[in-house]
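>>> no sequence for this one, just the structure:
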């Protein structure tokens with residue numbers, strides 16, 4: 001009888017052990033999401049699409065979808081209070097990581113191209129039309145106004161801004177919104193060129209723009225101070241993002257805080273990117289991520305991104321209607337109004353070189369690109385101001 005009791009005890013222990021394994025708790029949703037994570041990692045390694053983002057996000061997706069018994073109180077899942085992942089996710093949920101990312105972006109951004117051709121700021125503004133178009137479509141599909149605002153910001157192709165806005169307006173959708181925003185940022189070289197070719201003629205693609213002027217150091221130092229005052233006086237709700245962006249740029253341009261600027265654009269932004277990418281990926285836990293709403297968010301995000309590219313290119317063409325000969329804008333840089341820095345500017349350069357090997361558009365495209373960063377932050381501030 002004692003032997004039977006021992007065997008029953010061993011059987012019970014083995015049953016409990018098996019019940020705690022991932023094999024006992026796996027669902028088709030977990031398998032699907034793990035495959036998505038592997039796909040992201042493959043894109044990053046084989047295609048070099050935003051590897052600094054897609055590898056942390058892809059691996060985070062795998063981590064977030066290792067199945068476990070959610071009712072066992074193991075404190076290992078990202079949505080379980082007190083778990084390590086949950087602690088790291090705090091920076092996403094409360095909008096802590098995005099301003100730090102903007103600090104690093106400011107410290108590595110040279111605004112000379114924009115200062116040289118201020119009129120290109122309108123391309124960054126025009127591309128934000130995709131955000132407000134997506135807002136309207138989201139409302140039509142039945143999303144609440146706050147949710148629609150958070151979804152719409154995907155059109156700016158700016159991951160940190162998308163996380164910042166969704167953490168304030170629709171925290172229940174942070175995962176799909178962030179994944180959609182970063183996915184479309186990574187797919188800029190795939191999505192934008194067909195739109196650019198569709199909307200431009202061969203003659204327009206060959207337009208040569210005047211070289212940018214040399215911008216004096218004093219002008220570079222004054223710009224972040226004027227920029228923060230001008231933009232945040234108009235839209236104070238954008239202060240957390242734009243304040244850090246312009247602060248980082250002042251650290252860079254002042255010439256006396258090189259150590260701080262170097263830290264902001266290297267160590268700090270790298271650490272925050274690791275935590276942000278990993279936890280955003282882990283937030284795609286199949287049990288809460290695979291919903292009809294998530295699929296709709298991805299569709300709306302794609303539409304917003306394409307509309308933003310359309311509006312940027314078309315506005316560049318409109319600017320040429322009112323520009324004198326010799327002062328025309330090559331409409332291929334219109335796509336750079338989407339704030340995926342610097343990938344959308346590189347796309348302008350690559351597509352332009354396809355038609356003229358000596359026509360370098362990168363510096364002009366960067367002017368529109370950095371304008372798009374500022375524009376998406378202002379658009380987020382506008383949505384935040386009237387939806388909270």
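Received the coordinates, thanks. The structure displayed is predicted, hence computed values, not measured ones. Residues are numbered from 1 along each chain as shown.

>>> who are the contact partners of residue 131?
Shown in contact with residue 131 (CB atoms under 8 Å, 6 or more residues apart in numbering): 152-153, 155-156, 304, 308, 376, 379, 383. Bear in mind the C-beta positions are built from the backbone N, C-alpha and C, glycine included.

>>> how about 6 Å then?
Listed by CB atoms under 6 Å, 6 or more residues apart in numbering, the contact partners of residue 131 are 152-153, 155-156, 379.

>>> look at it and report its pLDDT.
If you check residue 131, the pLDDT there is 91.

>>> separation between it and residue 137?
Using CB to CB, to the nearest Å, residue 131 is found at 11 Å from residue 137.

>>> okay, and residue 280 sits in which element?
If you go by DSSP states H and E, residue 280 is part of helix 269-282.

>>> how about residue 313, nearest residue that isn't a chain neighbour?
The shortest distance from residue 313 to any non-neighbouring residue, by CB to CB, 6 or more residues apart in numbering, is to residue 334 (3.6 Å).

>>> hang on, that neighbour packs against residue 312?
Yes - between residue 334 and residue 312 there is a contact under CB atoms under 6 Å: 3.8 Å.

>>> so what sits against both of these two?
Joint contacts of residue 334 and residue 312 (CB under 6 Å, 6+ apart) are residue 123.

>>> of the contacts of residue 131, which belong to strands?
Using DSSP state E to define strands, no part of these is located there.

>>> what helix or strand is residue 56 on?
In this structure, residue 56 sits in helix 51-64 according to DSSP H and E.

>>> sorry, back to before: for the contacts of residue 131, which one is nearest residue 359?
Nearest to residue 359 among the contacts of residue 131, counting by CB to CB, is residue 156 at 27.4 Å.

>>> how much space is there between the closest residue to that closest one other than its chain neighbours and residue 232?
Once flanking residues are discounted, residue 156 sits nearest to residue 376: 3.3 Å by CB to CB, 6+ apart. With distances taken as CB to CB, residue 376 is found 15 Å from residue 232.

>>> what does residue 111 give?
Note on residue 111: its distance to residue 232, by CB to CB, is 17 Å.

>>> likewise residue 161?
According to CB to CB, residue 161 and residue 232 sit 15 Å apart.

>>> between these two, tell me which one has more neighbours.
Between residue 161 and residue 232, counted using other CB atoms under 10 Å, the more crowded position is residue 161 (27 against 20).

>>> in what helix or strand does the more buried one lie?
helix 159-169.

>>> near residue 218, how many other residues are there?
Residue 218 is flanked by 9 other residues according to other CB under 10 Å.

>>> state the pLDDT value of it.
95.

>>> next one: residue 1
46.

>>> in helices, which of the contacts of residue 131 fall?
Among the contacts of residue 131, DSSP state H puts 152, 379 in helices.

>>> and which of the contacts of residue 131 is nearest residue 283?
Proximity of the contacts of residue 131 to residue 283 (CB to CB) peaks at residue 153, which lies at 17.1 Å.

>>> OK, contacts around that closest one?
Neighbouring residues of residue 153 by CB under 6 Å, 6+ apart: 131, 161-162, 165, 380.

>>> tell me the secondary structure for the closest residue to residue 228 other than its chain neighbours?
Computed as CB to CB, 6+ apart, the closest residue to residue 228 that is not its neighbour in sequence is residue 246, at 4.2 Å. The assignment at residue 246 comes out as helix when based on DSSP: H, G, I helix; E, B strand; the rest coil.

>>> ok, how many other residues are close to residue 246?
Counted with other CB under 10 Å, residues neighbouring residue 246 total 26.

>>> can you list the residues that contact the helix holding residue 161?
Outside helix 159-169, the residues that touch it by CB under 6 Å, 6+ apart are 92-93, 95, 98, 101, 146, 149-150, 153-154, 173-174, 177-178, 181-182, 185, 376-377, 380, 384, 387.

>>> let's see 8 Å
Everything outside helix 159-169 that qualifies as a contact, by CB under 8 Å, 6+ apart, is 53, 92-95, 97-99, 101-102, 146-147, 149-150, 153-154, 156, 173-174, 177-178, 180-182, 185, 240-241, 276, 280, 339, 376-377, 380, 383-384, 387-388.

>>> residue 212 - how many residues pack around it?
Residue 212 has 17 neighbours, counted by other CB under 10 Å.

>>> tell me the spacing between it and residue 150.
With the distance defined as CB to CB, residue 212 ends up 36 Å from residue 150.

>>> now list the buried members of the contacts of residue 131.
152-153, 155-156, 379 (16 or more other CB atoms under 10 Å).

>>> residue 368: which of those residues is nearest?
residue 156 (13.1 Å).

>>> helices along the stretch 151-300 of the chain, start to end?
Using DSSP state H, counting those that start in this stretch, the helices of the stretch 151-300 of the chain run over 159-169, 174-186, 188-199, 202-205, 217-234, 239-253, 258-263, 269-282, 286-289, 292-321.

>>> list the buried residues in the fourth one.
Yep, that's helix 202-205 we're talking about. Applying a neighbour-count criterion of 16+ other CB under 10 Å, one finds 204-205 buried in helix 202-205.

>>> who does that helix touch, helix- and strand-wise?
For helix 202-205, the elements it packs on are helix 343-355, judged by 3 or more CB pairs under 8 Å, 6 or more residues apart in numbering; DSSP states H and E.
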